[in-house]
Structures are given as structure tokens and as C-alpha cells.
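Enquirer: Okay, structure incoming, though there's no sequence with it:
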């Protein structure tokens, strides 16, 4: 039987360095990391199925809730049973919207690393990936919105809708900053992670209460793998072995429309509180 593990969570904006952060953390022999994980989706699906089951509805309320919590908690902990690391990080952009669920299942406050980036740079990054992959194999998103996908403003506007990948991630962070537990969120700005990784990692270790570790930022091996061909956008989760600054080229990539999504952003005040900058 495996020993109990400390579970932390990595969440936040897309195209904001979460894959890079996971692979940097993986250099520490104490840490295990996931690629984008599906365990949160499975937990939510189980909750939905549980609520529909007539046999559970007829059980006493307190008993039913305890059984449900025990089952879900067993799923979350069991997901990491094959991981020998004492500390593990589960990566999913959705976790920031389900902190209360994670806290109930683990019976403790949970700590989340929230990667963020200038929204214009996020949109620019998606645009560059899309341009590299455009051709005879359109994405499902492109097939659903063939007109708007013919011009850059249409593509960006779609991504920013509240039910789409960038928009929902932003809304989740915005909401989280209005709720409890703000002290258990550490925002990890993409530019700080890439420009001064040693300082950013020191902040992370302090936040987690972990002993500092000497990372090699010139040789970051990619231990997490994701099959991006499934969504038709190859390269979404590739990282460079050397951590170095990434030029903000959103004005060149997006043109004048970049100004539509200029900051300050939802997390700007939180970054100032943490002594960080976006």
C-alpha cells in the first residue's frame, strides 16, 4: 500500500506556462506531475451520475453524502497510487473553479499554482499555433464556426467567449478572486517564470512549504506528454529545454485588435500583493 501523498494543483490560463512549470517541478525527485489531467472531469461526472441514481436518492441524506465524499476522495487519492513521489501536482485549468470540492475530498485547504499571462499574448500564442496547423485538417472548433475562423478578430473573439478556452479560464480566475481561500492561490506570471525562473521557483517553494531545490533551467526534460493531434493543433504542449524569455509579439501577430484585450487583468491586484508582476 502506498504512503499518503500531498496533492497540490496547477491551474490557470491556457498558453501561460503550466506545461513548462510541471516539467521544471519534475526535476525535483520529491515531485510527481501530470500532463493535463482528466481526474477532475471524472469526479464531476461521478457527482452527476450519483445525483441521478434512484438508489442513492432513497438513502438517508447524511449517509448518502458521506458515501459520496468517501468515494470521490478515494478516486482522487487513488489516481496517484502508482506514483511513488511523496508530493504530486495535478494539472487542470478547471481546478480553480472547484477548490471547495478538492478541499472537501482532501479534508484540508488546498494550494494551487495559477499560471497567468497577458491575455493578448495568450491569444497571440493560440493564433500562431493555429497558423502553423491550418490546412486540410480543420479543428472541430473551426468546423463549428467556419465564418469567424476566416479572420483573426473572429478567431480571437471566439476564444474569449465565456464558454470557450480562454474566456472560461479568465472568468474562473476572476470568480476565484472574489471567493474565499485567496491566500492559497499563488499566481505564476509567464513572463516572470521565463525571465527569472530561479526567483519564481523560490516563491513557489516558499508558498508550498517545501525545501528549496536547485533546478537546471538550461536542461528541462519534457516528462509530460500530450497528444495534441487529437484536437488538430500540434505543438500546444511542447516546451523548449532552456527556460528563457519569450518576446511579446502580440501587436505584430494580432494587429490593432490586440488593444481590445489590454490589461489590467483580473489577477493584477493579486500579483501586486504577492510582490510579482505580470
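Expert: It's in. What you see is a predicted model; the values in this text were computed from it and never measured. Numbering: from 1, shown residues only.

Enquirer: residue ranges of the strands in the stretch 151-278 of the chain, please?
Expert: 185-189 (DSSP state E, counting those that start in this stretch).

Enquirer: packing partners for the lowest-mean-pLDDT helix or strand in the chain?
Expert: One helix or strand of the chain scores below all others by mean pLDDT, DSSP states H and E: helix 54-57, with a mean of 82. Here helix 54-57 touches helix 61-78, going by 3 or more CB pairs under 8 Å, 6 or more residues apart in numbering; DSSP states H and E. Every C-beta, even on glycine, is put in place using the N, C-alpha and C of the backbone.

Enquirer: Check which element follows the helix it packs on along the chain.
Expert: strand 87-91 (DSSP states H and E).

Enquirer: Can you give the contact residues for that following strand?
Expert: 5-11, 18-19, 22, 25, 30-37, 39-40, 79-80, 113, 208, 210, 224 (CB atoms under 8 Å, 6 or more residues apart in numbering).

Enquirer: Which ones among the residues you listed lie within strands?
Expert: 6-11, 31-36, 113 (DSSP state E).

Enquirer: any chance of those in JSON lines, with pLDDT and neighbour count too?
Expert: Output for the ones in strands among the contacts of strand 87-91, formatted as JSON lines (pLDDT from 0 to 100; neighbours: other CB atoms under 10 Å):
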{"residue": "6", "pLDDT": "98", "neighbour count": "18"}
{"residue": "7", "pLDDT": "98", "neighbour count": "20"}
{"residue": "8", "pLDDT": "98", "neighbour count": "24"}
{"residue": "9", "pLDDT": "98", "neighbour count": "26"}
{"residue": "10", "pLDDT": "98", "neighbour count": "26"}
{"residue": "11", "pLDDT": "98", "neighbour count": "25"}
{"residue": "31", "pLDDT": "98", "neighbour count": "21"}
{"residue": "32", "pLDDT": "98", "neighbour count": "22"}
{"residue": "33", "pLDDT": "98", "neighbour count": "24"}
{"residue": "34", "pLDDT": "96", "neighbour count": "19"}
{"residue": "35", "pLDDT": "94", "neighbour count": "17"}
{"residue": "36", "pLDDT": "94", "neighbour count": "18"}
{"residue": "113", "pLDDT": "98", "neighbour count": "24"}
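
Enquirer: hmm, which two among these are most spread apart?
Expert: Greatest spacing in the ones in strands among the contacts of strand 87-91, by CB to CB: 6 and 36 (20.6 Å).

Enquirer: State the distance from the residue lying farthest from the centre of the chain to residue 159.
Expert: The outermost residue of the chain, judged against the average C-alpha position, is residue 58 (37.5 Å), by CA atoms, centre = their mean. Applying CB to CB, to the nearest Å, the value for residue 58 to residue 159 is 45 Å.

Enquirer: Below-threshold pLDDT in this structure: ranges please.
Expert: Scanning the chain for pLDDT under 70 picks out 1-3, 232, 278.

Enquirer: which residues of it fall in helices?
Expert: 18-25, 39-52, 54-57, 61-78, 99-106, 119-133, 140-144, 152-159, 165-176, 190-195, 197-208, 250-254, 268-273 (DSSP state H).

Enquirer: For the fourth one, buried residues please.
Expert: The one in question is helix 61-78. 64, 68, 72-73, 76-77 (16 or more other CB atoms under 10 Å).

Enquirer: Quick check: which of the helices of the chain is nearest to residue 228?
Expert: helix 119-133 (8.9 Å).

Enquirer: I'm done for today, thanks for sticking with me.
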